[in-house]
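Chemist: When you get a sec, could you give me coordinates for this:
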Amino acid sequence: TTTTTTTKDARQRPPPRPRRATDANANATTGGQVDASELRKTQRDALEKEAATHVAAIQAVAAMLTPPARGGAGAGGEGYVSVTASELRRLTTRAERAEADAASARERLRAKSEAHATEALRAKRSELRANEREEAARREAAKAEERGRALELATERLATERAKTAAETRGLEERLRAAVDALADRDAARAAGAAVVEKSAGATEASVVAFGGFGSDVEDATTTTTTT
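Modeler: As a prediction, this is how the structure comes out:
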């Protein structure tokens, strides 16, 4: 029969594990506006605290199993703590469970970090696409405005050309009317001159006939006057 002496230190439980920070807790404390980097930092701090707790538990187990160096006490001496095989298995299982929990927490943190990175990348791509659409819309608006200004300038030039053409047309019409009037005046003057010449020739011929003997001279004079 093996007598096992268990002290109060051996029965002492390790400090309780700190509650892990979750997305829900972080969002509840910050009103749902937690930045991804701050959330990852909070989770990392919680995991570090949990790992420190596991290390403390393992160190406590090691202290139970290792006799103190000071005092030279041997087995069963002062400061020596002996544990049963079942207690050792329980402590070993607890340490292994703590290590497994730490590994699981690290894996969850890695998965969440990758998820946050993927979400941030997706959000950045969406933002870039939105910026590209806005830039394309601004370019189209600038092109439309430029086309509108060009159309307005072309309309103004066309109106100016039309006004100029209308003014030139009115000038040509006035000159044409003046030329027509001049031709009419010339024709009227010619007709009046011909009437005067014809009247003068008739009067001269009548005078010659009245006085007689001057037929040939009168004929020559009439011919000359008519030709003139």
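
Chemist: And the helix or strand hosting residue 148, what does it pack against?
Modeler: Applying DSSP states H and E as the criterion places residue 148 in helix 85-211. On a contact count with 3 or more C-beta pairs under 8 Å, 6 or more residues apart in numbering; DSSP states H and E, helix 85-211 meets helix 36-65, helix 215-227. (Each C-beta comes from the backbone N, C-alpha and C, glycine too.)

Chemist: any idea how far residue 132 is from residue 141?
Modeler: 15 Å (C-beta to C-beta, to the nearest Å).

Chemist: which regions of this protein sit below the pLDDT cut-off?
Modeler: The chain contains residues with pLDDT under 70 at 1-36, 62-83, 205-228.

Chemist: what's the distance between residue 56 and residue 98?
Modeler: 10 Å.

Chemist: Among the two, which residue is more densely surrounded?
Modeler: residue 98 (20 against 13; other C-beta atoms under 10 Å).

Chemist: For burial, what's the neighbour tally of the residue nearest to that one when sequence neighbours are not counted?
Modeler: If the residues on either side of it in the chain are set aside, residue 98 comes closest to residue 54, at 3.8 Å by C-beta to C-beta, 6 or more residues apart in numbering. Counted with other C-beta under 10 Å, the neighbours of residue 54 add up to 21.

Chemist: Residue 54 and residue 47: what is the separation?
Modeler: Per C-beta to C-beta, residue 54 is found 10 Å from residue 47.

Chemist: which residues are common contacts for these two?
Modeler: The contact sets of residue 54 and residue 47 overlap at residue 102 (C-beta atoms under 8 Å, 6 or more residues apart in numbering).

Chemist: hang on, the earlier thing: quick one: the residue nearest to residue 98 and residue 99 touch, right?
Modeler: Yes: with contacts counted by C-beta atoms under 8 Å, residue 54 reaches residue 99, the gap being 6.8 Å.

Chemist: since we're on residue 166, how many residues are nearby?
Modeler: Other residues close to residue 166 by other C-beta under 10 Å number 10.

Chemist: typed the wrong thing, it's residue 42
Modeler: 19.

Chemist: cool, and the one 10 residues further on?
Modeler: For residue 52, the count of nearby residues is 12 (other C-beta under 10 Å).

Chemist: What of residue 120?
Modeler: Quick note: residue 120 (other C-beta under 10 Å) scores 13 neighbours.

Chemist: And for residue 108?
Modeler: Residues near residue 108, counting by other C-beta under 10 Å: 14.

Chemist: With residue 109 instead?
Modeler: The burial count for residue 109: 16, using other C-beta under 10 Å.

Chemist: Please give me every residue in contact with it.
Modeler: Going by C-beta under 8 Å, 6+ apart, residue 109 touches 40, 43, 44, 47.
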